[in-house]
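Colleague: Take a look and give me a structure for this.
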Amino acid sequence: MLYNLLSSKLSDNVILVIASTIGFVLTYMLLMKPAEFLPRDGGKYVIDAEGRRVAVNEASNGKVTGVGFLFVLVFLGIVLLFIPISKEMIIYVILSAFMMLTGFLDDASRSPWGELIKGILDLILAFLAAISFIIFNGSDVSFLGLNFHIPVVLYAILAVALIWGSINVTNCSDGVDGLCGTVSVIELIGISVIFRNSLGKYSGFGMILSFILVAYLAYNWFPSTALMGDAGSRTIGFIIALLCMKTGHPFGFILFSMVFLFDGGLGLLKLAIMRVTKKPFLEKIRFPFHDELRKNRGWKIPAIVVFFAICELIFVIIEGVIIKSL
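Modeller: A predicted model of the protein is given here:
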């Protein structure tokens with residue numbers, strides 16, 4: 001393993017900087033000319049005299065989507081090369097790869113898989129991750145300076161809910177250029193810095209992925225030329241949930257992911273309540289909330305991204321202050 005060769009001469013901090021830089025450069029280069037097999041979104045078309053769809057212009061031929069397939073592969077490869085590997089980490093790498101693959105196959109499918117299929121797949125992967133975590137870490141948690149033990153069965157249920165929820169609220173927020181990537185970078189860096197001692201080698205997960213996402217944002221900032229798709233957003237949500245659990249402060253996820261919970265999570269809650277009660281709920285507000293700002297209130301996309309980024313930064317600072325005061 002490359003890490004073993006480098007660790008004899010370099011400190012872990014230097015290795016992490018090298019790994020993050022390589023991840024940034026590789027991602028940037030790969031997205032300069034994305035692979036042909038990647039799907040494209042619908043684009044803007046007109047119907048010609050013979051009834052064929054023709055792109056309005058070259059820029060309307062559809063953006064490349066599903067590039068999360070590329071940057072997640074880069075992320076997982078960098079992790080395997082530059083972070084000391086354990087059995088637990090290998091399991092998470094494999095589960096992350098499956099999470100990315102299920103998202104990519106849905107992105108590339110001519111017919112969307114549908115909520116039920118994706119929900120079941122998410123549930124299976126969340127369950128496997130939760131059980132793996134309990135086997136290697138137990139079910140002790142910290143909350144507001146208090147340490148306590150949660151019964152294994154209850155912890156497993158809560159962990160599955162956290163992972164499944166993180167996957168889906170992150171995915172729901174990937175609706176406008178730059179939003180999901182920008183908020184994720186701030187959140188990942190926040191988790192990695194605030195809980196560096198608790199995370200140990202797993203802090204490298206957040207730092208490496210954040211550098212990779214910055215490279216992705218060079219193509220995703222408005223107006224974008226590439227979209228991460230479910231392959232990227234679902235995997236990011238999965239990694240965020242795992243890192244929050246590895247900190248030993250899983251309830252910190254609420255503050256760290258408050259933007260995602262508000263933007264996408266309330267939409268999921270609204271949908272669930274309406275399906276159960278068969279009655280309207282928050283019917284005057286459009287969700288995800290970035291759609292409310294963009295379509296109903298006329299906000300420009302860059303303004304939406306900056307607004308949510310500032311909110312995320314505030315929540316990360318609050319989390320840091322709370323942890324430091326304990």
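Colleague: ok, Phe148 touching Asp140?
Modeller: Yes: in terms of CB atoms under 8 Å, Phe148 counts as a neighbour of Asp140; the distance is 7.2 Å. Where C-beta positions appear, they are placed from N, C-alpha and C, glycine not excepted.
Colleague: where do the contact lists of those two overlap?
Modeller: Residues touching both Phe148 and Asp140 by CB atoms under 8 Å, 6 or more residues apart in numbering: none at all.
Colleague: Next, name the residue at the spatial heart of the chain.
Modeller: Residue closest to the mean C-alpha point of the chain, counted by CA atoms, centre = their mean, is Ile236 at 2.1 Å.
Colleague: Within the helices and strands, which one has that one?
Modeller: Per DSSP states H and E, Ile236 falls inside helix 229-246.
Colleague: Give the rounded mean pLDDT of that helix.
Modeller: On average, the pLDDT along helix 229-246 is 97.
Colleague: Any chance you could list what contacts the helix or strand following it?
Modeller: The first helix or strand that comes after helix 229-246 along the chain, using DSSP H and E, is helix 253-256. The contact list for helix 253-256, computed with CB under 8 Å, 6+ apart, reads 162, 166, 187, 190-191, 240-241, 244, 261, 315-316, 318-319, 322.
Colleague: again, but for stretch 174-187
Modeller: Here stretch 174-187 makes contact (CB under 8 Å, 6+ apart) with 170, 173, 209-210, 213-214, 216-217, 220-224, 227-229, 232-233, 236, 240, 256-257, 259-260, 263, 288, 290-291, 294, 301-302, 304-305, 308-309, 312-313, 316.
Colleague: how about a cut-off of 7 Å?
Modeller: The contact list for stretch 174-187 (CB atoms under 7 Å, 6 or more residues apart in numbering) reads 170, 173, 210, 213-214, 216-217, 220-224, 228, 233, 236, 240, 256-257, 259-260, 288, 290-291, 294, 301, 304-305, 308-309, 312-313, 316.
Colleague: chain center to that stretch, what's the gap?
Modeller: Computed by CA atoms, centre = their mean, to the nearest Å, the chain-centroid distance of stretch 174-187 equals 9 Å.
Colleague: State the mean pLDDT of that stretch.
Modeller: Averaged across stretch 174-187, pLDDT comes to 96.
Colleague: cool, and stretch 291-308?
Modeller: pLDDT averaged over stretch 291-308 gives 96.
Colleague: just how off-centre is that stretch within its chain?
Modeller: Put simply, stretch 291-308 sits 20 Å off its chain's centre (CA atoms, centre = their mean).
Colleague: Would you check how far apart Glu319 and Ser198 are?
Modeller: In this view, Glu319 and Ser198 are 13 Å apart by CB to CB, to the nearest Å.
Colleague: between these two, who's got more neighbours?
Modeller: Set Glu319 next to Ser198 and count neighbours by other CB atoms under 10 Å: Glu319 wins out with 22 against 16.
Colleague: Is that one in a helix, a strand, or coil?
Modeller: In three-state terms, and counting by DSSP: H, G, I helix; E, B strand; the rest coil, Glu319 is helix.
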